[in-house]
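>>> One predicted model, sequence on top.
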Amino acid sequence: MTRERIVSAAPISAEEEQINITLRPQQLSEYIGQKQLVEKLTISLTAAKNRGEPLEHVLLHGPPGLGKTTLAHIIAQEMGSKLVGTSGPALERTGDLMGLLTNLDKGDVLFIDEVHRLPTIVEEFLYPAMEDFKVDFIV
């Protein structure tokens, strides 16, 4: 027996997605639930801001609807930076990721939804970007 998936992460329309974004909390102090996570993120964000550095890499995981995208927006807002969002399936080639990476400014937040669905070649391209903050790319 195949179960139909009722919940989807896909936006219904661009207009509805904009409305959803305005309804999300903008700061960790407004975020309801997941008290331990909020506490740890608050400490990390405060430490990064006190050092004058971007926040280290953060991996948010869990089923749909837990607030991963909302937390990514909050992290960017709290750090005073821009959020650039994409999804694993949208990054089909290394060039797709390269386009995003080259347009990021220091401190910007890159949020990859469904990162588990990244093609292997793109995933391996992402590692040096995360570890060394540089990539090798042949044109």
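Done, it's in.
>>> For the residue most central in space within the chain, give me its contacts.
Nearest to the geometric centre of the chain sits Phe111, at 1.9 Å (C-alpha atoms, centre = their mean). If you count contacts by C-beta atoms under 8 Å, 6 or more residues apart in numbering, Phe111 has them with 69, 72, 83-86. Any C-beta I mention is one placed from the backbone N, CA and C, and that applies to glycine too.
>>> Return the subset of the residues you listed lying in strands.
83-86 (DSSP state E).
>>> Of those residues, keep whichever come out buried.
Buried subset of those (neighbour count, 16 or more other C-beta atoms under 10 Å): 83-84, 86.
>>> Closest to Glu15 out of those residues?
Nearest to Glu15 among these: Leu83, at 19.0 Å, using C-beta to C-beta.
>>> check contacts around the closest one.
So Leu83 contacts 72-73, 75-77, 108-109, 111 (C-beta under 8 Å, 6+ apart).
>>> repeat that for 10 Å
Listed by C-beta atoms under 10 Å, 6 or more residues apart in numbering, the contact partners of Leu83 are 21, 69, 72-77, 108-111.
>>> Pipe the residues you listed into TSV and attach pLDDT per row.
Below are those laid out as TSV (pLDDT from 0 to 100):
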residue	pLDDT
Ile21	73
Thr69	91
Ala72	95
His73	93
Ile74	95
Ile75	96
Ala76	96
Gln77	95
Asp108	94
Val109	95
Leu110	95
Phe111	96
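>>> Tell me which of the residues you listed fall in helices.
Members of the contacts of Leu83 lying in helices (criterion: DSSP state H): 21, 69, 72-77.
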